[in-house]
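Starting from these lines, generate the structure:
(one chain, ligands or ions: 2)
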Amino acid sequence: MPGLIAPSDYSQEPPRHPCLRINAKEPFNAEPPRSVLISSYVTPVDFFYKRNHGPIPLVDNIERYSVSLNGLIENPKELFMKDIRMLPKYNVTATLQCAGNRRTAMSKTRTVKGVGWDVSALGNAVWGGAKLADVLELVGIPKFSYSTQKGGKHVEFVSIDRCKEENGGPYKASIPLDQASNPEADVLLAYEMNGEPLNRDHGYPLRVVVPGVIGARSVKWLDSISIIAEECQGFFMQKDYKMFPPSINWDNIDWSTRRPQMDFPVQCVICSLEDVDHIKPGKVTVSGYAVSGGGRGIERVDVSVDGGKTFVEATRYQKIGAPYVADSPSSHKWAWVFFEVTVDVRQNTEIVAKAVDSAANVQPEKVEDVWNLRGILNTSWHRVQVRVGRSNI
Ligand SMILES: Nc1nc2c(c(=O)[nH]1)N[C@H]1C(S)=C(S)[C@@H](COP(=O)(O)O)O[C@H]1N2
Ligand SMILES: [Mo]
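Numbering: from 1, shown residues only. Ligands and ions are numbered 1, 2, ... in the order given. The predicted model follows:
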């Protein structure tokens, strides 16, 4: 597309913050340290995880950049940035989480395929942009549509980055039309992140943000939107990001048996302690994040200091000083919740955290129960080992 360019190598990557932990260099995949992740409720752009499948695209002329809307619609259209900026602007606070978050821990029980991630392959941002439902109206698709007259039932987002999984073709994904055309689903074509224009790593000049859904569907560097009859047939919808049971291995896998993963399940992680941490005996603050998919709130976060035998409830908050109530209109429904509890630790032990969402969904106790060959959606109870000594090491 004129305006947006996909480099074929990594010689034109943007600068990145030195505190990021790099899990893969080319394509660039990195996450912040745990303590940095929970130092701010809205994640600063520099510390927001970066998950890429190819070199970062470049814009040579923003005036010429446009998104084409095509497929099973009456009047295909080219939309320029000014057309998208003319629509009402929304700011949606939403947590983006990679399905591979916590993959490294899953790999420890049995090897999985994929980039290793600790617990910070997610971040919470204020995304600014137009609602996809408003954009679709520009091509004659009314709000709350399940199908177009020509039989379109899915909305496919196509980028321009070159991914080896797509044999050098662009990254793409789709969501159902009824979600895309529902203004309450808050799907955005975002041009801002935390009040600033998107930067190159996060999709400049325009990206999709699908709140409550695994990050893989929030396509960056948007080039075109196609209204199609069946879901997108791209690699990342059909041959990746699907949840298989632990019995499936690379010899017996049949990708067609499972649906592409959309909503993410309830998740919670302790970020104030490392996997193995050394502390002084006495009071310890246990804090971290909890988040669920589909707009479900966090009803409870339980913390144990005896390896999961007994639990106490942690305090939850989104705004300091204001009590958080799951699913209340005053809460950020698409955003994570921070939790905190002070516990007394006198001897070496395992500290555990688990959350319950507003649909009473719970996290699995053991990682083995959700192990899958691609290592996605590790939402098992989060466990850290503490070693108690007289002095803080
Ligand atoms: N065009 C494009 N969009 C993409 C990707 C990509 O590689 N290319 N990665 C996806 C995945 S797997 C995730 S988790 C999120 C990461 O977004 P971020 O890098 O802004 O954190 O972007 C998604 N959108
Ligand atoms: Mo991802």
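
Please name the bridge partners of residue 50.
Per DSSP bridges, the residues bridged to residue 50 are residue 30.

residues touching it, list them.
Residues in contact with residue 50 (C-beta atoms under 8 Å, 6 or more residues apart in numbering) are 16, 20, 28, 29, 30, 31, 201, 202. C-beta: built from backbone N, CA, C; applies to glycine.

If we use 7 Å, what do you get?
Residues counted as contacts of residue 50 (C-beta atoms under 7 Å, 6 or more residues apart in numbering) are 28, 29, 30, 201.

Check the spacing between the first one and residue 54 real quick.
Spatial separation of residue 28 from residue 54 under the definition C-beta to C-beta, to the nearest Å is 10 Å.

Which residue of these two possesses the greater neighbour count?
residue 54 (26 against 20; other C-beta atoms under 10 Å).

separation between the more buried one and ligand 1?
The gap separating residue 54 from ligand 1 is 6 Å, by C-beta to the nearest ligand atom, to the nearest Å.

Next one: that residue, what pLDDT does it get?
Model confidence at residue 54, given as pLDDT, is 98.

Now that it has come up, it's in contact with residue 165, right?
No. The criterion here is C-beta atoms under 7 Å, and residue 54 misses it with residue 165 at 9.1 Å.

how about the nearest residue to the residue nearest the centre of the chain, chain neighbours excluded?
Ranked by distance to the mean C-alpha position of the chain (C-alpha atoms, centre = their mean), the top residue is residue 97 at 2.1 Å. Counting by C-beta to C-beta, 6 or more residues apart in numbering, residue 97 lies nearest to residue 122, which is 3.8 Å off, once chain neighbours are set aside.

Please look at the one you found and residue 102 and confirm they touch.
No. Counting by C-beta under 7 Å, residue 122 does not reach residue 102; the two are 9.7 Å apart.

and stretch 363-383, does that touch ligand 1?
No. Contact of stretch 363-383 with ligand 1 (C-beta under 6 Å from any ligand atom) is absent, the minimum separation being 10.1 Å.

so how far does that stretch reach from one end to the other?
Stretch 363-383 has its terminal residues 12 Å apart, counting by C-alpha to C-alpha, to the nearest Å.

ok, and what's touching it?
Stretch 363-383 is contacted by residues 99-100, 102-103, 105-107, 109-110, 112-114, 240-241, 243-244, 246, 248-250, 253, 261, 264-270, 308, 350, 352-355 when judged by C-beta under 7 Å, 6+ apart.

In strands, which of those residues fall?
Members of the contacts of stretch 363-383 lying in strands (criterion: DSSP state E): 267, 268, 269, 270, 350, 352, 353, 354, 355.

Quick one: these as a markdown table, columns for distance to residue 331, neighbour count and pLDDT too.
Output for the ones in strands among the contacts of stretch 363-383, formatted as a markdown table (distance: C-beta to C-beta, whole Å; neighbours: other C-beta atoms under 10 Å; pLDDT from 0 to 100):
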| residue | distance to residue 331 | neighbour count | pLDDT |
| --- | --- | --- | --- |
| 267 | 17 | 27 | 98 |
| 268 | 16 | 28 | 98 |
| 269 | 20 | 24 | 98 |
| 270 | 22 | 25 | 98 |
| 350 | 31 | 15 | 98 |
| 352 | 25 | 21 | 98 |
| 353 | 20 | 28 | 98 |
| 354 | 20 | 24 | 98 |
| 355 | 15 | 28 | 98 |
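
wait, which of the residues you listed is closest to ligand 2?
Using C-beta to the ion, residue 267 is the member of the ones in strands among the contacts of stretch 363-383 that sits closest to ligand 2, with 13.7 Å.

For that closest one, list the residues it contacts.
290, 291, 379.

at 10 Å instead, please
The contact partners of residue 267, taken as C-beta atoms under 10 Å, 6 or more residues apart in numbering, are 95, 97, 101-102, 119, 122, 289-293, 298, 336, 354-355, 357, 363, 377-380, 382.

Thank you, goodbye.
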